[in-house]
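In: I'll drop the sequence and a predicted model, then ask my questions.
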Amino acid sequence: MRAATEVIHTGEGRDDAANPLTTPIYETTTFIFENAEEVKAYNEGRSKKFLYSRYGNPTVVAVEKAIAALEGADAAMLLASGMAATSTALLGLLKAGDEVVCSAAIYGGTLHLLADLFPQWGLFARFATLDELREPERVITDRTRVLWFESPINPTLRCVDIARVAQACKARGVISILDSTFASPVNQRPIEMGIDIVMHSVTKYLNGHSDVTAGALAGSAALMKKLDRARKMLGSILDPQAAYAVGRGLKTLTVRVERQNASAMTVARWLEKESRVTAVYYPGLESHPDHALAKRQMRGFGGMVCVDVGGGQARAEGFFDRLKVFKRAASLGGVESLCSLPVLTSQWGHTDEQLAQAGVTRSMARLSVGLEDPQDLIEDLDQALNL
Ligand SMILES: Cc1ncc(COP(=O)(O)O)c(C=O)c1O
């Protein structure tokens, strides 16, 4: 062969002497077939080969298997972001005229997708309050195809009875989908409680290092097959480089989350005794309105704590600006502790009435507890409260 050909093909392909411990990054858009028969076998579903990385990629599949195992699901799929997971799931399941019942206490991106974009395609959302979700059969109608909710919710960490919602959906043939991002699969296993599909913003705890944007869906083989078709058509799969990073993050998920659970509890207990704050919201505290439910359906209470420093937005902003160890940033679930003010992020632009409906005040701060020494976190909060 000539040099221009050799430079392209020499050294490429598998080296059978190198048997990697971890799944390498298959940084390839396409996969080679030996002959036409192999292509036919792939097309007819008789082959384990890969065809094209937008359809599937070995690095991505290895991480999907780990997520399925964590959730106790038949299968899982990785997507380019949490919102890619949400849009792919809903577009893959719904047709014009269908209705989604969605918790009103939901991530803002999900809310806007359902309220602003979906009506353009004849898809309708009905928003249900937490009170209504206590009797989920009452919010399901004949047109409902999907019920979408979160637990625990942002920022008050109120919880929804997951098994109760799952049961009501099953009885009416409605697909239940839980955004379990705040809990992570270490603290909450929704499939075991009867939920059909679990969704995660992998950007948060699953990746855990605040350096990758990704999403995941997990559920039965039949549902994942259907959504895999939608993902192919929508082109919403995760890139192999990013999938590799997620796979690496996942290996420490259990130890990270266990430590975050413990540190968040320590921080919440300290705040609870603190006279310079007016309220602390953490599902692990006996004072939390959903403590009993959280105890029943969660294995750990998570790394998110919400504190009301009182004194209105000015005092919350003063506290926020004084933090040194906690970084002022949106997002959550990483190794670095973060703080955000709901009134400037998730509840930005909300009226007093909307804030009251969400149980949010202007003096609340949301803490994502990371992996620092909890004593340093407490000392940081202590100095920031000296307003
Ligand atoms: C609960 C929840 N769901 C979904 C999302 C969206 O995920 P992503 O930003 O990865 O698209 C977020 C992001 O903040 C979230 O907090």
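Out: Arrived safely. On a predicted model such as this, the values are computed, not experimentally measured, just so you know. Residues are numbered from 1 along each chain as shown.
In: Which residues are in contact with the residue in the stretch 201-350 of the chain that the ligand sits nearest to?
Out: Proximity of the stretch 201-350 of the chain to the ligand (Cβ to the nearest ligand atom) peaks at S201, 3.1 Å away. Backbone N, C-alpha and C define where each C-beta goes, glycine included. Contacts for S201 were tallied using Cβ atoms under 8 Å, 6 or more residues apart in numbering; they are 81-83, 85, 107, 179, 181, 214-215.
In: For the closest residue to the ligand within the chain, which non-adjacent residue is closest in space?
Out: The ligand sits closest to G82 of the chain, with a gap of 2.2 Å, by Cβ to the nearest ligand atom. Computed as Cβ to Cβ, 6 or more residues apart in numbering, the closest residue to G82 that is not its neighbour in sequence is S201, at 2.9 Å.
In: if we can go back for a sec, who wins on neighbours among the contacts of S201?
Out: A85 (31 neighbours; other Cβ atoms under 10 Å).
In: Would you agree that residue is in contact with A218?
Out: No - using Cβ atoms under 8 Å as the test, A85 is too far from A218 to be in contact (9.9 Å).
In: Next, show the common contact partners of those two.
Out: H200.
In: For the chain, what lies in contact range of the ligand?
Out: Taking Cβ under 6 Å from any ligand atom as the measure of proximity, the chain contacts the ligand at 81-83, 107, 109, 150, 179, 181-182, 201, 203, 213, 215.
In: Can you show me the strands along the stretch 201-350 of the chain?
Out: 215-219, 279-281, 304-308, 327-328, 338-340 (DSSP state E, counting those that start in this stretch).
In: Other residues contacting the first one?
Out: Surrounding strand 215-219, the residues in contact under the criterion Cβ under 8 Å, 6+ apart are 64, 67-68, 71, 73-86, 88-89, 191, 196-203, 206, 224, 227, 238.
In: Tell me which of those fall in helices.
Out: If you go by DSSP state H, those have 64, 67-68, 71, 82-86, 88-89, 224, 227 in helices.
In: coming back round to it: which residues are in contact with the residue of the chain closest to the ligand?
Out: Per Cβ under 8 Å, 6+ apart, neighbours of G82: 107, 109, 179, 181, 199-204, 213-215.
In: In the chain, which strand is the longest?
Out: Using DSSP state E, we find that the single longest strand of the chain is strand 144-150.
In: Now do it: which elements does it pack against?
Out: Counting by 3 or more Cβ pairs under 8 Å, 6 or more residues apart in numbering; DSSP states H and E, the packing neighbours recorded for strand 144-150 are helix 82-93, strand 99-103, helix 162-172, strand 175-179.
In: would JSON lines of the ones you listed with mean pLDDT and distance to D352 be doable?
Out: JSON lines is the format used below for these (pLDDT from 0 to 100; distance: least, Cβ to Cβ, whole Å):
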{"stretch": "helix 82-93", "mean pLDDT": "98", "distance to D352": "29"}
{"stretch": "strand 99-103", "mean pLDDT": "97", "distance to D352": "22"}
{"stretch": "helix 162-172", "mean pLDDT": "98", "distance to D352": "30"}
{"stretch": "strand 175-179", "mean pLDDT": "98", "distance to D352": "27"}
